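Novice: using only what follows, build the 3D model:
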Amino acid sequence: MSARKRFAVVGAGMMGSNHARVVAQSDLADLAVLVDPREDVGRRLAEQYGAHWSPELPDLQQIDGVIVAAATEAHEPLAMQVLESGTPLLIEKPIAADIGQSRDILAAADVADLPFMCGLLERFNPAVLTARSFIESPVHLSATRHSPYAPRIRTGVAWDLLVHDVDLSIVLAGGQTTSVSSSLGFFHERSERGAEDVAETVLGFDTGAIAHISASRMGQKKIRQVSVYERERLIEIDLLRRDVTVYHHISEDLVGGANRGYRQQTVIEIPEMVTSVEPLTAQFSHFCRIMDGVEDAATERRSLLPPHEVIAQVLDSALARA
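Specialist: Next up, the predicted model:
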């Protein structure tokens, strides 16, 4: 077994706090440093998990890995500082504030051949891991990610919500995107200018598959649903409940007589989940395996840019039509 790793977590907000908890509770690592410029919240969180507080990124010579969960605008300088020190990095999505910076950061990680991950957390949802174990040849995917309005989210839904299901569609379709079309809606008076509240996107893949993805913060309830259609079955993935249901259509007919109507026969399967591990914990364990060389770092890095490229196209196309 490899030695316990020493981690620094940057950011004491909601995601930073969760990352700090996962690292501190891990059998694989210790939370050595909690970085946040706000001493009150930063020191409090550091003391909660037995870590040292620092207002800025410290010397990384004694640090094995860094997790960045700071404001998106700070990602690029932080990422470059970490990568220049030769330290593995897990960064929350999006990688950076614009696609050019994201490309530059990934290029730097490639040149150094460093372990690098982005917080595309749904990849590690137990329901997704279960479905991926038996999905074969998707022809159509439909994803819905709707939420009530949250004033604390300053960006639009493309980077906040849509990116997760774009990523899942790419992962589940098993191909490369060949077309992207999208419509954006701007509705809420509290949203920042230019921050979209609804995004409807259609992706085409080189396999022939099509994905329709709906993201909205104008909902009155939280929905996290992905449907994967194959020629002979439907796989429904509930990301909130973390369960999977498989449907096989058998027959249908019209019913005559006094009780006229429609009758359908469908076989329903409910597979057992392959894991019950919290996604954030599973993501961290995967990152540690990359650091140990058990998982391939280059493969992980190559998987990160495609969903970012799609979101950039979605926003650029909307800007061009404005």
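
Novice: list the contacts for the residue nearest the centre of the chain?
Specialist: For the chain, Leu120 is the residue whose C-alpha lies nearest the centre (CA atoms, centre = their mean; 2.2 Å). Leu120 makes contact with 93, 163-164, 167, 304, 307, according to CB atoms under 8 Å, 6 or more residues apart in numbering. Heads up, the C-betas are built off the backbone N, CA and C, glycines and all.

Novice: for the lengthiest helix in the chain, what does the pLDDT average out to?
Specialist: In the chain, taking DSSP state H as the definition, the longest helix is helix 305-321. Taken as a whole, helix 305-321 has an average pLDDT of 87.

Novice: start the count at 5, not 1, going forward
Specialist: That works, and once the first residue is 5, the last one we named lands at helix 309-325.

Novice: now do the buried residues in that helix.
Specialist: Within helix 309-325, the residues that count as buried by 16 or more other CB atoms under 10 Å are 309, 311-319, 321-322.

Novice: dump these into JSON lines; add distance to Pro130 as well.
Specialist: Shown next, in JSON lines, are these (distance: CB to CB, whole Å):
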{"residue": "Leu309", "distance to Pro130": "26"}
{"residue": "Pro311", "distance to Pro130": "21"}
{"residue": "His312", "distance to Pro130": "25"}
{"residue": "Glu313", "distance to Pro130": "28"}
{"residue": "Val314", "distance to Pro130": "25"}
{"residue": "Ile315", "distance to Pro130": "25"}
{"residue": "Ala316", "distance to Pro130": "30"}
{"residue": "Gln317", "distance to Pro130": "31"}
{"residue": "Val318", "distance to Pro130": "28"}
{"residue": "Leu319", "distance to Pro130": "31"}
{"residue": "Ser321", "distance to Pro130": "34"}
{"residue": "Ala322", "distance to Pro130": "34"}
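
Novice: mind showing which ranges of this protein have poor pLDDT?
Specialist: Residue ranges of the chain with pLDDT under 70: 5-6, 322-326.

Novice: domains for it, by residue range?
Specialist: Per automatic domain parsing, the domain ranges recorded for the chain read 9-118, 127-282+314-325.

Novice: make TSV out of those and add distance to Ala302.
Specialist: TSV is the format used below for those (distance: least, CB to CB, whole Å):
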stretch	distance to Ala302
domain 9-118	7
domain 127-282+314-325	17
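
Novice: winner for burial among these?
Specialist: Counting by mean count of other CB atoms under 10 Å, domain 9-118 has the highest mean neighbour count of the domains of the chain, with a mean of 19.

Novice: what sits against the closest residue to Gly15 other than its chain neighbours?
Specialist: Excluding the flanking residues, the one nearest Gly15 by CB to CB, 6 or more residues apart in numbering is Ala73, at 3.7 Å. Shown in contact with Ala73 (CB under 8 Å, 6+ apart): 13-15, 17, 19-20, 23, 96, 123.

Novice: closest to Lys226 among the residues you listed?
Specialist: Ranked by distance to Lys226 (CB to CB), these are led by Met19 at 17.4 Å.

Novice: surely the closest one is in contact with Ile95?
Specialist: No - using CB atoms under 8 Å, Met19 is not in contact with Ile95, being 10.8 Å away.

Novice: what do the two both touch?
Specialist: Gly123.

Novice: circling back: any idea which of the domains of the chain gets closest to Ser289?
Specialist: Ser289 sits nearest to domain 9-118 of all the domains of the chain, at 6.8 Å, using CB to CB.

Novice: span of the closest one from start to end?
Specialist: 16 Å (CA to CA, to the nearest Å).

Novice: how about stretch 181-196?
Specialist: End to end - CA to CA - stretch 181-196 spans 30 Å.
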